[in-house]
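1. Pasting the sequence and the predicted model now:
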Amino acid sequence: MRDVAVVSFAQSHYVRSDTQHNEVEILMPVISEAIERSGVPCKEIGFTVSGSCDYLAGQPFAFVNALDAVGAWPPIRESHVEMDGAWALYEAWVRLQCGDIDSALVYAFGKSSLGDVRDVMTLQLDPYCVAPLWPDSISVAALQARALLDAGRCTERDMAEVATRSRRDARSNPAAQLSGAADVDALLREPYVVSPLRRHDCPPISDGAAAIVLAAGDLARRVSKRPSWITGIDHRIEPHALGVRDLTQSPSTRLAADRAGAGRAPVDVAELHAPFTHQELILRDAIGLGDDVRINPSGGALAANAIMVAGLARIGEAASRIIGGDADRVLAHATSGPCLQQNLVCVMEAR
């Protein structure tokens with residue numbers, strides 16, 4: 001396999017609703033920053049791939065308009081995935097294995113504020129048995145949380161502690177949408193949104209974008225003093241039907257982590273794409289992360305959750321820990337679909 005590394009990462013400042021900028025205007029400074037930080041000239045980037053969702057934009061082929069943020073010249077080789085940008089990064093990693101190009105630009109964008117996210121996400125459910133009942137995304141997540149509580153796997157206090165830590169850690173992340181001090185007991189006195197989920201258990205609605213530049217082999221070593229080398233990456237999927245799954249477990253995450261080599265050595269930092277507090281607890285168990293691993297020092301998806309961006313941001317945030325010299329081995333996770341249906345795990349190391 002060819003050595004591939006993350007050499008730069010950039011993201012926007014996430015906000016509840018960006019009424020001043022469209023997707024292209026949000027993307028342009030992010031892509032420019034990622035390319036400038038990478039040390040790879042724009043004209044030398046061999047492949048460009050994006051992740052987004054037409055449902056959020058409310059129009060087909062919305063990603064075509066976003067190409068204006070990349071630039072019309074010089075001509076590019078481009079691809080797109082209709083899901084989180086983490087899967088676009090996977091495509092770029094596979095493309096770099098072909099050996100004819102040495103770099104790739106990966107970006108993702110999402111303006112969740114344009115519609116009702118809770119209802120829009122219903123469209124990804126089983127179209128025969130579940131979607132006609134029209135359960136919104138928070139109600140579906142609440143079913144998972146209730147199953148976890150009833151199984152005795154966690155308490156509502158455990159969930160509130162996840163939110164408290166996320167908000168505290170997000171204070172050091174200038175891109176975070178939500179941050180600050182939070183008292184567990186005060187959070188537990190708040191009303192339910194959908195029992196057993198309170199507002200702090202749910203992700204914020206966010207507008208934003210992120211971009212990563214990948215480089216292979218000698219190019220990565222030349223442009224970066226400390227590249228974040230991807231030593232393992234894999235993704236797996238659960239059955240579509242919620243009723244045939246044990247919602248308290250995430251076997252696809254466990255398998256992806258195993259195939260990515262997560263357990264071969266200790267991990268310093270793990271960035272987990274857990275939009276709901278209880279999902280972090282499920283993911284930690286599935287991957288086998290101990291108490292010595294720092295989880296979501298960026299604040300995670302509870303601090304900012306631009307749909308189709310948050311998974312790529314987890315890879316970027318984790319990679320930044322290596323590039324900045326704060327960690328030697330990190331793990332990033334991304335999810336897509338209801339109740340952790342599809343999961344990707346990326347392990348990165350310094351060398």
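-> Noted; the coordinates are in hand. Numbering: from 1, shown residues only.

2. Arg165 - how many residues pack around it?
-> Look at Arg165: counted by other Cβ atoms under 10 Å, it has 20 neighbours. C-betas here are computed from N, CA, C, even on glycine.

3. Doesn't it belong to a strand?
-> No. Applying DSSP: H, G, I helix; E, B strand; the rest coil, one finds Arg165 to be helix, outside a strand.

4. Roughly how far does Leu187 sit from Leu281?
-> Leu187 sits at a distance of 16 Å from Leu281 (criterion: Cβ to Cβ, to the nearest Å).

5. ditto for Leu149
-> Distance of Leu149 to Leu281, computed by Cβ to Cβ: 10 Å.

6. Find the nearest non-adjacent residue to the residue positioned nearest the centre of the chain, please.
-> A centroid search over the chain (Cα atoms, centre = their mean) returns Gly311, at 1.0 Å, as the residue closest to the centre. With sequence-adjacent residues excluded and distances taken as Cβ to Cβ, 6 or more residues apart in numbering, Gly311 is closest to Ala334, at 2.7 Å.

7. what about the one you found, which SS state?
-> strand.

8. what's the burial count for it?
-> For Ala334, using other Cβ under 10 Å, the count is 29.

9. same question, Val24
-> The number of residues packed near Val24 is 16, by other Cβ under 10 Å.

10. what ranges do the helices span in this structure?
-> 23-38, 54-57, 62-66, 85-96, 117-120, 137-150, 156-169, 184-188, 217-223, 251-259, 277-287, 310-323 (DSSP state H).

11. Show me what the longest one packs onto, helices and strands only.
-> Which is helix 23-38. Using 3 or more Cβ pairs under 8 Å, 6 or more residues apart in numbering; DSSP states H and E, the elements in contact with helix 23-38 are strand 4-11, helix 62-66, strand 103-111, strand 207-216.

12. Just the buried residues of the second one, please?
-> So the one you mean is helix 62-66. Residues of helix 62-66 classed as buried: 62-63, 66 (neighbour count, 16 or more other Cβ atoms under 10 Å).

13. Which one of the residues you listed is nearest to Gln124?
-> Gln124 lies nearest to Ala62 out of the buried residues of helix 62-66, by Cβ to Cβ, at 16.4 Å.

14. How much space separates the residue nearest to the closest one when sequence neighbours are not counted from Ser195?
-> Among residues not flanking Ala62 along the chain, Asp54 sits closest, at 4.9 Å (Cβ to Cβ, 6+ apart). Here Asp54 is placed at a distance of 33 Å from Ser195 (Cβ to Cβ).

15. Equivalent analysis for Arg222, please.
-> Arg222 is 55 Å from Ser195, by Cβ to Cβ.

16. again, but for Gly325
-> For Gly325 relative to Ser195 (Cβ to Cβ), the value is 44 Å.

17. Pull the contacting residues for the closest residue in space to Ile287 that isn't next to it in sequence.
-> Spatial nearest neighbour of Ile287, chain neighbours left out: Ala257 (4.6 Å); criterion: Cβ to Cβ, 6+ apart. Residues in contact with Ala257 (Cβ atoms under 8 Å, 6 or more residues apart in numbering) are 234, 263, 286-288, 331, 333, 345.

18. Compute the number of surrounding residues for Gly99.
-> Gly99 has 9 neighbouring residues, counting by other Cβ under 10 Å.

19. With Ile230 as the reference, measure out to it.
-> Counting by Cβ to Cβ, the gap from Gly99 to Ile230 is 16 Å.

20. Run the chain-centre distance for stretch 206-225.
-> Distance of stretch 206-225 from its chain centroid, counting by Cα atoms, centre = their mean, to the nearest Å, is 16 Å.

21. Lowest-scoring secondary structure element of this protein by mean pLDDT?
-> Comparing helices and strands within the chain by mean pLDDT, DSSP states H and E singles out helix 54-57 as the least confident, with a mean of 82.

22. Identify all contacting residues around that one.
-> 23, 60-63, 82, 110-112, 114-115, 117, 120, 123, 307-308.

23. number of nearby residues for Leu27?
-> The tally of other residues near Leu27 (other Cβ under 10 Å) stands at 26.

24. how far away is the closest residue to it other than its chain neighbours from Tyr14?
-> Excluding its sequence neighbours, the residue lying closest to Leu27 (Cβ to Cβ, 6+ apart) is Ala69, at 3.6 Å. Plainly put, Ala69 is 17 Å away from Tyr14 if you go by Cβ to Cβ.

25. next one: Asp292
-> Distance, Asp292 to Tyr14, using Cβ to Cβ: 29 Å.

26. Tabulate the buried residues of helix 62-66 in CSV, adding columns for pLDDT.
-> Shown next, in CSV, are those (pLDDT from 0 to 100):
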residue, pLDDT
Ala62, 82
Phe63, 86
Ala66, 89
